[in-house]
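J.: Provide a 3D model corresponding to the input given below.
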Amino acid sequence: MRESLALNLVLFLPLAGVAALAAVPRGREDRMRAIAFWTLAIQLALTAWLYARFDAAVPGLQFATRLPWIPQWGVYYFIGLDGYNLLLVSLTAFLGPLVVAGAFSAITKEVRLFYSMVLAIQFTMVGTFVAQDLFLFYLFWEAMLIPMFLIIGIWGGERRIYATLKFVLYTAFGSILMLAAVIYLVVSIKSTTGVDTFSFSDLYRSRLPLDTQVILLAAFGLSFAIKVPIVPLHTWLPDAHVEAPTAGSVILAGVLLKMGTYGFMKLGFPLFPQAAQLLAPAIAALAVVSIVYGACLALVQTDIKKVIAYSSISHLGYVMLGLVSFNLLGIQGAVMQMVSHGLVAGGLFLMVGMIYERCHTRDIAAYGGLAKIMPLYAVFFALLALASIGLPTTSGFTGEFVSLLGYFDSAWSRHLQGERLPIALAVAAVSGVILGALYMLSLAQRLLFGAPRAPHLPFADLGARERAILVAIAVAIFALGLFPAGPAAKTELAARHYRQLVTAPASSAVALEETR
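T.: Numbering: from 1, shown residues only. Just a heads-up that it's a prediction; the model follows:
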């Protein structure tokens, strides 16, 4: 009971923070910043307590709340934690206070509105992860657009309106298709069972004809693929990152992109398992294209933000590979890679924001020798660059290595059965690791070494607030890299459940759900 209440507090605390911000008199920006920070710090503390209380040996949902909302439609306020969402909720709560703290000096106009939007998007992101009812999930999924639209549109760069409209049009198009698929899925279940339901556990039991599954997976998958994003649906991402303020970029890279991969894992593939197996080779091929193409584009960028933006496309390709491996190692590696990428990319975007505040340019050619000018900054940047490459002992190594290992294991067994494509894709995916080293080491070399050069010299090294932010991220990166067994144990039963839902025959999948 205490845990269920705590989970509801984790979800709704940001809205309480918005209400508190509304009561602050105009001109008290410091108080507004403090309210936003401590609201999300309390949310993080509650999430950490729930993480510690989560029992890895218990399958299914924990700390659940299920209340009737629109019962005549079968809609319930239904939330809970499981191995699918536990680490992602923890990641969201961890990055929240860092996003707020990172914006203390960067955001000086409409401070109340800005932090209200940060708190609002925190509410919608946590809600999307903890929702166990498809109606509720869809509401949170769509509601995310509003605060992100305002964050980029008001506090973004010169081309912010173009980037915002492109982001909204892409995501709204995918969401419309998903809405149509949701309606068809729920109506089809009612026509065969006579029951109105949006509950994930009930929807998993539906077994539609293969051709219908393919169409519905395409509708769900397009919405999720835009959010990941998977090539060729990726073109909104670099523009959104470049024009967004630092806080917006951290939210996008750290959490928002994971909504797409989480959607595939929690809904897309388990709801339509036969279609998932049929389309797995094509999805894997697109994932490898994303890995290689994103890395190649990152290699030729001249804007620091664009390097990290394209690297996100590449790194999330490994997540998709792990998910379509239908292999326990690959699935768990995919979850680890989601969390690792959130930490590393979020940290890199925060560091870009720190140097931009001092120099007001993101042009790589404008910098050089920062290791002499800002030695502390250089240490943290090098650490994050190496974590992005996948240096052993960091979270980047854990996520990418386990994802690739799981996909190789799956591809090898198919290779022995005469299939050539999976092993070829696995080999091609490894090239992304090499390209990743090229673009990140090149970026680090150009920024940190050589003759000292930067606009607006001299300027100070990292301050106490900035050091605290980066130390927190560095500790998390090494904790996940050195001690992955704990998080892996929390996700193992969910990974097994996902694999059984996607690969088991229809009768076995139904029996599996009835035992949960």
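
J.: pLDDT below threshold where in the chain?
T.: For the chain, residues meeting the criterion pLDDT under 70 lie at 505-516.

J.: tell me the strands beside the longest strand seen in the chain, with direction?
T.: The longest strand of the chain (DSSP state E) is strand 62-70. Paired with strand 62-70 in the same sheet, following DSSP bridges, are strand 75-81 (antiparallel).

J.: how near is the closest residue to residue 457 other than its chain neighbours to residue 271?
T.: Ranked by CB to CB, 6 or more residues apart in numbering and with sequence neighbours excluded, the top spatial neighbour of residue 457 is residue 373, at 7.1 Å. All C-beta spots, glycine's among them, are computed from the backbone N, C-alpha and C. Distance of residue 373 to residue 271, given as CB to CB, to the nearest Å: 53 Å.

J.: which SSE is the residue nearest to residue 497 when sequence neighbours are not counted in?
T.: Closest residue to residue 497 apart from its sequence neighbours, by CB to CB, 6+ apart: residue 59 at 6.9 Å. Taking DSSP states H and E as the definition, residue 59 sits outside all helices and strands.

J.: which ones are touching residue 46?
T.: With contacts taken as CB atoms under 8 Å, 6 or more residues apart in numbering, residue 46 has the following neighbours: 6, 9, 10, 13, 93.

J.: now do residue 109
T.: Residues near residue 109 by CB under 8 Å, 6+ apart: residue 155.

J.: state the phi and psi torsions of residue 57.
T.: Dihedral pair for residue 57: phi -90, psi -10, per degrees, to the nearest 10.

J.: actually residue 325, not the one I typed
T.: Note on residue 325: backbone dihedrals following degrees, to the nearest 10 are phi -70, psi -30.

J.: wait, isn't it in contact with residue 331?
T.: Yes - taking contacts as CB atoms under 8 Å, residue 325 lies within contact range of residue 331: 7.1 Å.

J.: okay, and the common contacts of these two?
T.: Overlap of the contact sets of residue 325 and residue 331 (by CB under 8 Å, 6+ apart) consists of residue 406.

J.: wait, what's in contact with the residue lying closest to residue 70 once chain neighbours are set aside?
T.: With sequence-adjacent residues excluded and distances taken as CB to CB, 6+ apart, residue 70 is closest to residue 135, at 7.7 Å. Neighbour list for residue 135: 69, 70, 73, 75, 182, 198 [criterion: CB under 8 Å, 6+ apart].

J.: SS state for residue 135?
T.: What DSSP: H, G, I helix; E, B strand; the rest coil gives for residue 135 is helix.

J.: residue 457 too?
T.: Here residue 457 is coil, with the state taken from three-state DSSP.

J.: so where do the helices sit in the stretch 1-150 of the chain?
T.: For the stretch 1-150 of the chain, applying DSSP state H, counting those that start in this stretch gives helices covering 2-22, 29-53, 86-102, 111-130, 134-143, 145-155.

J.: so for the second one, what gets flagged as buried?
T.: When you say that, I think you mean helix 29-53. The neighbour-count check on helix 29-53 (16 or more other CB atoms under 10 Å) flags 29, 31-33, 35-37, 39-40, 42-44, 46-47, 50-51 as buried.

J.: closest one to residue 413 out of these, please.
T.: Set against residue 413, the nearest of the buried residues of helix 29-53 by CB to CB is residue 51 (34.2 Å).

J.: burial measure for the residue nearest to the closest one when sequence neighbours are not counted, as a count.
T.: Sequence neighbours aside, residue 90 is the residue nearest to residue 51 in space, at 5.4 Å (criterion: CB to CB, 6+ apart). As a burial measure, residue 90 scores 22 neighbours (other CB atoms under 10 Å).

J.: ok, now which ones touch residue 90?
T.: For residue 90, the contact set (CB under 8 Å, 6+ apart) comprises 47, 48, 51, 339.

J.: could you measure from it over to residue 176?
T.: 31 Å.

J.: residues in contact with stretch 270-289?
T.: Here stretch 270-289 has contacts from 185, 203-204, 206, 208, 210, 213-214, 216-217, 220-221, 225, 230-231, 268-269, 317-318, 320-321, 324, 326, 407, 421-422, 425, 428-429, 432, 498, 501-504, 509, using CB under 8 Å, 6+ apart.

J.: just the buried subset of the residues you listed, please.
T.: Counted by 16+ other CB under 10 Å, these give 185, 203-204, 206, 208, 213-214, 216-217, 220-221, 225, 230-231, 268-269, 317-318, 320-321, 324, 326, 407, 422, 425, 429, 432, 498, 501-502, 509 as buried.

J.: inside helices: which ones of the residues you listed?
T.: Using DSSP state H, 185, 203, 213-214, 216-217, 220-221, 225, 269, 317-318, 320-321, 324, 407, 422, 425, 429, 432, 498, 501-502, 509 are the members of those that sit in helices.

J.: columns distance to residue 450 on top of the helices of the stretch 1-150 of the chain, output as TSV?
T.: Output for the helices of the stretch 1-150 of the chain, formatted as TSV (distance: least, CB to CB, whole Å):
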stretch	distance to residue 450
helix 2-22	44
helix 29-53	37
helix 86-102	27
helix 111-130	36
helix 134-143	45
helix 145-155	33
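
J.: can you tell which of those helices is closest to residue 295?
T.: Of those, nearest to residue 295 by CB to CB is helix 86-102, at 23.2 Å.

J.: how far does that closest one sit from its chain's centre?
T.: From the chain centre to the centre of helix 86-102 is a distance of 11 Å (CA atoms, centre = their mean, to the nearest Å).

J.: strand 75-81 and that helix, what's the angle between them?
T.: Orientation of helix 86-102 against strand 75-81 (axes from the mean of the first three to the mean of the last three CA atoms, to 10 degrees) gives an angle of 90 degrees.

J.: next, the angle from helix 86-102 to helix 111-130.
T.: Using the same axes, to 10 degrees: helix 86-102 against helix 111-130 is 170 degrees.

J.: so who does the nearest residue to residue 128 once chain neighbours are set aside touch?
T.: Leaving aside its sequence neighbours, residue 128 sits nearest to residue 140 (CB to CB, 6+ apart; 4.2 Å). Going by CB under 8 Å, 6+ apart, residue 140 touches 124, 125, 127, 128, 131.

J.: tell me how far the last one lies from residue 6.
T.: The span separating residue 131 from residue 6 equals 17 Å under the rule CB to CB.

J.: settle it for me: which of those two has more neighbours?
T.: Set residue 131 next to residue 6 and count neighbours by other CB under 10 Å: residue 131 wins out with 24 against 17.

J.: isn't the more buried one up against residue 125?
T.: No - contact criterion CB under 8 Å: residue 131 and residue 125 do not qualify, at 11.0 Å.

J.: find the nearest non-adjacent residue to residue 430, please.
T.: Using CB to CB, 6+ apart, the closest residue to residue 430 is residue 404 (6.8 Å).

J.: just checking, what packs against the host helix or strand of that neighbour?
T.: Using DSSP H and E, residue 404 maps to helix 395-416. For helix 395-416, the elements it packs on are helix 304-324, helix 328-359, helix 375-389, helix 421-448, helix 464-482, judged by 3 or more CB pairs under 8 Å, 6 or more residues apart in numbering; DSSP states H and E.

J.: buried ones in that helix?
T.: 395-408, 410-411, 415.

J.: what's the angle between that helix and helix 375-389?
T.: Going by the same axes, to 10 degrees, helix 395-416 makes 10 degrees with helix 375-389.

J.: related to what we said a few turns ago, of the buried residues of helix 29-53, which is the nearest to residue 250?
T.: Among the buried residues of helix 29-53, and counting by CB to CB, the member closest to residue 250 is residue 40, at 12.7 Å.

J.: picking up where we left off before, what's the most distant pair in the contacts of residue 90?
T.: Longest span within these, CB to CB: 48 and 339, 14.4 Å.

J.: just checking, residue 107 touches residue 155?
T.: Yes - at 6.3 Å, residue 107 counts as touching residue 155 under the criterion of CB under 8 Å.
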